[in-house]
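Trainee: Sequence first, predicted coordinates after that:
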Amino acid sequence: MKRPALTLFLLLGTIFGLRATTSPIPRESPSAQRGSVATVNPIATQAGLDALRAGGNAVDAAIACALTLGVVDGHNSGIGGGCFMTLRLADGRLLTLDGRETAPTGATRDMFLREGKADSKLSQDGALAVGIPGELATLAYASTNFGRLPLAQLLEAAAKVAEIGFPIDSHYASRVRATRNELAAFPDARTIFLRALPTVPAKGDLLKQPDLAKSYRALATQGVDWFYRGDFARRTAVWMQANGGLVTAADFARYEVVPREPVRGTYRGYELVSFPPPSSGGVHIVEILNLLEGFDLRAMGDTSADFVHTVAEAMKLAFADRAKWLGDPDFTKVPTGLISKSYAAGLAKGIRPDRATTVAGAGTPPFADADFFRREQSRHTTHFSTADAEGNWVACTASLNTSFGSKVVVPGTGILLNNHMDDFSAQPGVPNYFGLVGAKANAIAAGKRPLSSMSPTLVLKDGKPILSVGAAGGPTIISQTLLAILRTVDFGKSPREALAGARLHHQWKPDELHVEAAFGDAVIAELRKRGHQVVIEKSLGAAQAVGLAPDGGFVGTADPRNEGSAAGF
């Protein structure tokens, strides 16, 4: 099935007025002086690279990647979902754009309870699972304020991909197989993803999405209002009313992107810039790094039982805080003390080097009743990173939540809708799809944004970016991003080496330490000896990164665990 991919790369080059490369795109790009792109899919990487070559900047490249990923990696993300974008602009400004979904106006705290118990089926599939999408609004905001290329040009490029079709990768095929029964329950999803592919889809099968192509072109000609205040909003509202949903056209019309102040922290002389609440990712990456700063991780070695044990103990403490304190800062008082170094130093005293500890619950950070995060006053999921020579760096994580989101495709549009209502705490102490528990801070409320683990992060040294990184994979997003930073800062590894290293994850509840088998039998045995309930994983998540090369150029890296790619010029 190489022919469809070759045709597609040539077509992308034609759209941008360029001659696209016809050679395979590697998972790590060589050092590039003008810019670099890393995504989970080579077609999306090519789209981002072509945007750079057409005169766009890193913001345009990120938008091109996002729109194309909504076609070729549409089981993970798309304009029917949400995103978080962390930016460092050429003039030195640092900012984050919150494109998280919001709960519809008709949402209530107990909307997923039946006979007093949370029904996860309702929050994961179908009409009630859908939050108001924010990705498109975020891409449009970034394009208008920080990009160079017309959004319509980037939409047309992605529309061409949807129109002529693309060869699905092995992960896409496996997701169709795994969700076949759920997709079959929704007519348009069934038509697009089941009837258009073989009964047992495989890598290389061609998937065309003509309705999605039409929707992208409607956006290109009519603008984003087509989605939020026009035909798409009306179609969605009609379907929702007929199928027991709560989303209305008015909900779409009132959606807004929220610029927020980034979470800022330091670690061993480096600066961290990450995403604030309603993401838990940035807060807890900084909190965990604060916890670990007093330990000599480099002396331990990043493949040792000591390293895994120490990092896992720090993760447990942060995830316990997540369950109590984190939520939408426009509804919930999230203490800034969570990222206090003194708070972390106190918690770190409880980490025993020889034994796994039981974390009873959240700590109490300083000024927990007085100082809060606020909005700025002025594998499931996907992550992509871009950078350019002018000094623009982007880390963006986008998601529909679980595979194919709610499984709902708005009739005639080809647009899949998210199921991010499952990211709320439907009932205190009841886990969501990813096993995460929450409390009052993340309870459902009309217009509220559910808590997320998405962690698009920039690492700076002496005020200049050296790494853009993030990941996909539910709560493991936080641990993947953290490990990439640790391996960059503590161990001096390249982006490729940082992403290739063995991974671990602990989220407090359930009390399980997940480790990749690559750590080896001896390390795993020692962890069990220290009291950890170890779960061995073949692979944990998918991360992408762009970093600085030794020669001052850019090097992009896609996770070696998947079929992503990176490119630069």
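Mentor: Arrived safely, thanks for sending.

Trainee: separation between residue 133 and residue 449?
Mentor: Residue 133 sits 12 Å away from residue 449 when distances are taken as CB to CB, to the nearest Å. Every residue, glycine included, has its C-beta placed from N, CA and C.

Trainee: again but with residue 39, I slipped
Mentor: For residue 39, the distance to residue 449 equals 25 Å [CB to CB].

Trainee: Tell me which of these two has more neighbours.
Mentor: residue 39 (35 against 29; other CB atoms under 10 Å).

Trainee: how far is stretch 550-559 from where the chain is centred?
Mentor: Relative to its chain's centre, stretch 550-559 lies at 21 Å (CA atoms, centre = their mean, to the nearest Å).

Trainee: Start and end of that stretch, how far apart?
Mentor: End-to-end distance of stretch 550-559: 20 Å, with CA to CA, to the nearest Å as the criterion.

Trainee: what's in contact with it?
Mentor: With contacts defined as CB atoms under 8 Å, 6 or more residues apart in numbering, stretch 550-559 is touched by 27-33, 35-40, 45, 385, 387, 389, 471, 494-496, 498-499, 541-549, 564-568.

Trainee: Mind checking which of these are buried?
Mentor: Burial by neighbour count, 16 or more other CB atoms under 10 Å: within these this picks out 27-29, 32, 35-40, 45, 385, 387, 389, 471, 494-496, 498-499, 541-549, 564-568.

Trainee: Restricted to helices, list these.
Mentor: The members of the buried ones among the contacts of stretch 550-559 that map onto helices under DSSP state H are 45, 495, 496, 498, 499.

Trainee: how much space between the fourth one and residue 489?
Mentor: Right, residue 498. Per CB to CB, residue 498 is found 10 Å from residue 489.

Trainee: Tell me which residues are up against stretch 181-192.
Mentor: 125-126, 176, 193-194, 209, 211, 404, 407-412, 414, 416.

Trainee: Give me the pLDDT for residue 209.
Mentor: Looking at residue 209, its pLDDT stands at 98.

Trainee: so how far is residue 72 from it?
Mentor: Residue 209 is 10 Å from residue 72, by CB to CB.

Trainee: likewise residue 382?
Mentor: Residue 382 is 10 Å from residue 72, by CB to CB.

Trainee: ditto for residue 200
Mentor: 20 Å.

Trainee: Those two: which is more packed in?
Mentor: Set residue 200 next to residue 72 and count neighbours by other CB under 10 Å: residue 72 wins out with 27 against 10.

Trainee: Other residues contacting the helix or strand residue 460 falls within?
Mentor: Element membership of residue 460 [criterion: DSSP states H and E] is strand 457-461. With contacts defined as CB under 8 Å, 6+ apart, strand 457-461 is touched by 86, 88, 94, 269-275, 281-282, 285, 393, 395, 465-470, 481, 485, 488-489.

Trainee: could I get it in PDB with only the CA atoms?
Mentor: Taking Å, rounded to 0.1, in the frame of the first residue of the first chain, the C-alpha atoms of strand 457-461 are listed here in PDB:
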ATOM      1  CA  THR A 457       5.300  21.400  28.000                       C
ATOM      2  CA  LEU A 458       8.300  23.600  27.000                       C
ATOM      3  CA  VAL A 459      11.700  23.400  28.800                       C
ATOM      4  CA  LEU A 460      13.900  26.500  28.700                       C
ATOM      5  CA  LYS A 461      17.500  27.100  29.600                       C
END
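
Trainee: Show me which residues of that strand are buried.
Mentor: By 16+ other CB under 10 Å, the buried positions in strand 457-461 come out as 457, 458, 459, 460.

Trainee: now those in CSV, with distance to residue 244?
Mentor: Below are the buried residues of strand 457-461 laid out as CSV (distance: CB to CB, whole Å):
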residue, distance to residue 244
457, 39
458, 42
459, 45
460, 48
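
Trainee: and which of the residues you listed is nearest to residue 327?
Mentor: Using CB to CB, residue 457 is the member of those that lies nearest residue 327, at 20.4 Å.

Trainee: Roughly how far does the nearest residue to the closest one once chain neighbours are set aside sit from residue 484?
Mentor: Nearest residue to residue 457 in three dimensions, chain neighbours excluded: residue 274, at 4.2 Å (CB to CB, 6 or more residues apart in numbering). Per CB to CB, residue 274 is found 12 Å from residue 484.

Trainee: and the longest helix that the chain contains, what's its mean pLDDT?
Mentor: The longest helix of the chain (DSSP H) is helix 305-325. Averaged over helix 305-325, pLDDT sits at 94.

Trainee: by contact count, what packs against that helix?
Mentor: For helix 305-325, the packing partners by 3 or more CB pairs under 8 Å, 6 or more residues apart in numbering; DSSP states H and E come out as helix 281-292, helix 297-300, helix 476-489, strand 504-505, strand 513-516, helix 521-529.

Trainee: from the middle of its chain, how far away would it be?
Mentor: 21 Å.

Trainee: Give me the buried positions along the very next helix or strand once past it.
Mentor: Next helix or strand after helix 305-325 toward the C-terminus (DSSP H and E): helix 341-348. Within helix 341-348, the residues that count as buried by 16+ other CB under 10 Å are 341, 343, 344, 347, 348.

Trainee: could those be laid out in TSV, adding pLDDT and distance to residue 560?
Mentor: Shown next, in TSV, are those (pLDDT from 0 to 100; distance: CB to CB, whole Å):
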residue	pLDDT	distance to residue 560
341	96	34
343	95	36
344	96	32
347	96	33
348	96	32
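
Trainee: Looking at those, spot the one nearest residue 506.
Mentor: The closest of the buried residues of helix 341-348, once distances to residue 506 are taken by CB to CB, is residue 347, at 14.5 Å.

Trainee: residue ranges for the strands of the stretch 51-200 of the chain, please.
Mentor: 82-88, 94-99, 113-114, 117-118, 166-167 (DSSP state E, counting those that start in this stretch).

Trainee: Low-confidence stretches in this protein?
Mentor: Scanning the chain for pLDDT under 70 picks out 1-26, 367, 369-380, 428-439.

Trainee: Selection in PyMOL covering whichever of the contacts of strand 457-461 are buried, please.
Mentor: This is the PyMOL syntax for the buried subset of the contacts of strand 457-461, where burial follows 16+ other CB under 10 Å:
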select buried, resi 86+88+94+270+271+272+273+274+275+281+282+285+393+395+465+466+467+468+469+470+481+485+488+489
